[in-house]
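# build the 3D model from these lines:
(2 chains)
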Number of protein chains: 2
Amino acid sequence: MQLTILGCYAATPRTITNPTAQLLEINNRMFLIDCGEGTQVQLRKNKIKFSKINQVFISHLHGDHFFGLIGLISTFSLLGRTTDLHVYGPKGIKEIILLQLKLSNSWTNYGLFFHELDSEESVTIFEDEKVLVTTIPLQHRVYTNGFLFQEKAGTRKLNMDAVLNYEIESCYYQKIKNGKDITLEDGRIIPNSELTFDPIPPKSYAFCSDTVYHEPVIPIIENVDVLYHESTFLESEESLAQKTLHSTAKEAARIALKANVKQLILGHYSTRYESITLFKEEAETIFPEVLLAEDGISFEF
Amino acid sequence: MQLTILGCYAATPRTITNPTAQLLEINNRMFLIDCGEGTQVQLRKNKIKFSKINQVFISHLHGDHFFGLIGLISTFSLLGRTTDLHVYGPKGIKEIILLQLKLSNSWTNYGLFFHELDSEESVTIFEDEKVLVTTIPLQHRVYTNGFLFQEKAGTRKLNMDAVLNYEIESCYYQKIKNGKDITLEDGRIIPNSELTFDPIPPKSYAFCSDTVYHEPVIPIIENVDVLYHESTFLESEESLAQKTLHSTAKEAARIALKANVKQLILGHYSTRYESITLFKEEAETIFPEVLLAEDGISFEF
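Predicted coordinates:
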């Protein structure tokens, strides 16, 4: 998995900071998560082939998370896109986009599909042979979901030395990869563990923004490899975080600790702070593995 | 008048070019003309105090002319604006903005007024003691208006030497500035021309984008000081200009010539061209006073 942070600041786009947008690449699939104003320019700056994005996930309908979507959809048309695009987001997103396409008399020349979300429970919203995406209901001032991206477990890896040694024909390889034992012509049963190695462990990524400190997310994101959790404020603004239904860096770290995640990425910083280093310092008093999101950087995991 | 080009390229925002937006300052009034995606960041980059913008004029509902408006309106709220904001634009602009404010549960804390346009004739849409704004109906793929900004003629300037020489009391000054002759106590009539100088000639600016070559604009913009006319294409793409209802640089120059304007500014360049210098060269074969818009530059006139 590779995660590119296109924007990780709260509220308004500014000269050097961008509102929320992330690109997650898993097994050659490119998922766009949130799409603040200017996301299409951030995609260009980061030299991302946008034509490969087929799924866009919008957490909630605050402007800093979706005002760039209509521009991206229009640009896809201008660039001659023909592949379907799927948009997952709160009820209302379809009306917003279609109204603008209608009034500009600019229908897309590709299939544009909306999957509107309104469940208060965690639900599966995307699945193919490699990846599963489920919602993480969050608590914010409007209806909001985070998203959990899980790679599916791969098949077992063939131990070619063993397979050749037993002279097993290649038509059985898929069966072996799927975990079956093999009966040889002489009647001997070779257990699968002798013929295969464990698959590469599947990775998982949880995106949680925007939300107040909200323990119900913990069972959903338990043991994920990487958690992005919003930390709009430092501890000194804890009461403001409560009031605006955002989190502090320490609260994000507390969720990471209780959910036993491997790494925590912080972001969605309020633009009131001149430096973001204190976010890491405060979070590390609670949870050790903290990374700071910054516009334009990528994480591999 | 000072005109700052915030963006002057057609279609999509890119790493180094921006879609249409201009800031026109007349007598301390700041008018925003069009508002493509990223306009608020361009305002910041150009160090413009956005709180002073009270009127926004939207030419038409193609994305490269209005996708930045909802972000600007939201940012005004976040910055604590309390002054009324007036938006002039095609029918539908109000529904687009209000739908997004409703779904994000983010009503503005200032007065937001929409003046929807649907006339096919040139009409006055804004007037105060210093400035008059009228529409310039254009011909494009959707309903489109250009805008003509006219400074009102100022009062005459007092010739203080003459006024003091005749010992005229200050309570008569306004009358004199308004062009009246003065009768002295001894019965002598002093003609106004002896007491005043001509006022500074009022300036005018016409914004025409987007449009095909369209002669009906000529009587509306006749004799303006500065005409901004779109020139999406060079002559080599003339048939494409026809088809998409855009203009070439030469067509813009032909309008400038026939309307007897003083200066022509070209812009709304297609992003297909690596350099814009040919636009000026082609236009100058028809009309001599050609300037090229570029993102971030200002013209004083």
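
# quick check: the gap between the residue lying farthest from the centre of chain A and chain B.
No residue in chain A sits farther from the centre than A:D186, which is 50.3 Å out by Cα atoms, centre = their mean. Separation of A:D186 from chain B (Cβ to the nearest Cβ, to the nearest Å): 67 Å. The C-beta positions use only the backbone N, C-alpha and C, and glycine is treated the same way.

# alongside chain B, which residues does chain A contribute?
By the rule Cβ under 8 Å from any Cβ of the partner chain, the part of chain A lying against chain B is A:11-15, A:37-38, A:40-41, A:44-45, A:61-63, A:67-68, A:70-71, A:74-75, A:78-79, A:90, A:92, A:95-96, A:99-100, A:103-106, A:141-142.

# could you turn the buried ones of those residues into a ChimeraX selection?
Command for ChimeraX that selects the buried part of the residues of chain A next to chain B, burial taken from 16 or more other Cβ atoms under 10 Å in any protein chain shown:
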select /A:11,12,13,14,37,38,40,41,44,45,61,62,63,67,68,70,71,74,75,90,92,96,99,100,103,104,106,142
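
# out of the residues of chain A next to chain B, list just those in strands.
Secondary structure from DSSP state E places A:P90 of these in strands.

# from the residues of chain A next to chain B, which ones fall inside helices?
A:40-41, A:44-45, A:63, A:70-71, A:74-75, A:78, A:95-96, A:99-100, A:103 (DSSP state H).

# for these, work out which two are farthest apart.
The largest separation in these, counting by Cβ to Cβ, is between A:K45 and A:E95 at 30.6 Å.

# name the helix or strand for the residue farthest from the centre of chain A, please.
Assigned by DSSP states H and E, A:D186 belongs to neither a helix nor a strand.

# ditto for A:Y110
Per DSSP H and E, there is no helix or strand for A:Y110.

# what comes up buried for stretch A:248-267?
A:248-256, A:258-259, A:261, A:263-267.

# does A:A241 sit in a helix, a strand or a coil?
Assigned by DSSP: H, G, I helix; E, B strand; the rest coil, the conformation of A:A241 is helix.

# wait, it sits on A:T248?
Yes: counting by Cβ atoms under 8 Å, A:A241 touches A:T248, with 5.1 Å between them.

# how many neighbours does A:I33 have?
For A:I33, the count of nearby residues is 26 (other Cβ atoms under 10 Å in any protein chain shown).

# now the residue in the stretch 101-250 of chain A positioned nearest to chain B: closest residue in space that isn't a chain neighbour?
At 4.2 Å from chain B, A:L103 is the closest residue in the stretch 101-250 of chain A, using Cβ to the nearest Cβ. Leaving aside its chain neighbours, A:L103 sits nearest to B:G92 (4.2 Å; criterion: Cβ to Cβ, 6 or more residues apart in numbering or on different chains).

# tell me the contacts of the one you found?
A:99, A:103, B:61, B:116 (Cβ atoms under 8 Å, 6 or more residues apart in numbering or on different chains).

# please name the residues that touch the residue in the stretch 201-301 of chain A that chain B sits nearest to.
Nearest to chain B in the stretch 201-301 of chain A, going by Cβ to the nearest Cβ, is A:T271, at a distance of 9.5 Å. By Cβ under 8 Å, 6+ apart, the contact list for A:T271 reads A:9-12, A:14, A:17.

# and with 7 Å instead?
Neighbour list for A:T271: A:9-11, A:14, A:17 [criterion: Cβ atoms under 7 Å, 6 or more residues apart in numbering or on different chains].

# helix or strand for it, just tell me which one.
Taking DSSP H and E as the definition, one finds A:T271 inside no helix or strand.

# isn't A:L195 up against A:L164?
No: in this structure, A:L195 is not within contact of A:L164 by Cβ atoms under 7 Å, at 10.5 Å.

# these two - which one has more neighbours?
A:L195 (25 against 10).

# tell me the pLDDT at that one?
Listed pLDDT for A:L195 reads 95.

# against A:I189, how distant is it?
11 Å (Cβ to Cβ, to the nearest Å).

# A:I125 now?
Taken as Cβ to Cβ, the span from A:I125 to A:I189 is 42 Å.

# neighbour count: those two, which is higher?
The neighbour count for A:I125 versus A:I189, taken as other Cβ under 10 Å, is higher for A:I125 (18 against 8).

# residues of the helix or strand containing the more buried one that come out buried?
A:I125 is located in strand A:124-127, with elements delineated by DSSP H and E. Within strand A:124-127, the residues scored as buried using 16+ other Cβ under 10 Å are A:125-126.

# contacts for it?
With Cβ under 7 Å, 6+ apart, strand A:124-127 has contacts from A:55, A:88, A:115, A:117, A:132-135.

# and the following helix or strand past that strand, what does it pack onto?
Tracing the chain C-terminally past strand A:124-127 and defining elements by DSSP H and E, one meets strand A:131-137 next. Counting by 3 or more Cβ pairs under 7 Å, 6 or more residues apart in numbering or on different chains; DSSP states H and E, the packing neighbours recorded for strand A:131-137 are strand A:124-127, strand A:145-151.

# pull up the pairing partners for strand A:131-137, direction included.
When pairs are called by DSSP bridges, strand A:131-137 turns out to pair with strand A:124-127 (antiparallel), strand A:145-151 (antiparallel).

# can I get these in CSV including distance to A:C208 and mean pLDDT?
What follows is the strands paired with strand A:131-137, written out as CSV (distance: least, Cβ to Cβ, whole Å; pLDDT from 0 to 100):
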stretch, distance to A:C208, mean pLDDT
strand A:124-127, 16, 98
strand A:145-151, 4, 98
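
# tabulate those strands (a markdown table), appending distance to B:F207.
Listed next are the strands paired with strand A:131-137 as a markdown table, based on distance: least, Cβ to Cβ, whole Å:
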| stretch | distance to B:F207 |
| --- | --- |
| strand A:124-127 | 45 |
| strand A:145-151 | 42 |
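
# of these, which is nearest A:L23?
Short answer: strand A:145-151, nearest of the strands paired with strand A:131-137 by Cβ to Cβ, at 11.9 Å.

# give me the sheet partners of the helix or strand following the closest one and which way each runs.
Per DSSP H and E, the first helix or strand lying C-terminal to strand A:145-151 is strand A:157-158. Sheet pairing for strand A:157-158, assigned by DSSP bridges, gives strand A:196-197 (antiparallel).

# outside of the strand it pairs with, which residues touch it?
With Cβ under 7 Å, 6+ apart as the test, strand A:196-197 has contacts from A:156-159, A:176-177.

# and stretch A:88-98, how far apart are its ends?
One end of stretch A:88-98 sits 14 Å from the other (Cα to Cα, to the nearest Å).

# and the strand holding A:I125, how far out from the chain's middle?
Averaging C-alpha positions (Cα atoms, centre = their mean, to the nearest Å) puts strand A:124-127 12 Å from its chain's average.

# and if you look at stretch A:55-69?
13 Å.

# what's the closest of the helices and strands packed on strand A:131-137 to A:S236?
If we rank the helices and strands packed on strand A:131-137 by Cβ to Cβ, the stretch that ends up nearest is strand A:145-151, at 25.4 Å.

# show me the domain layout of chain A.
Split into domains by automatic domain parsing, chain A comes to A:2-154+A:200-300, A:157-197.
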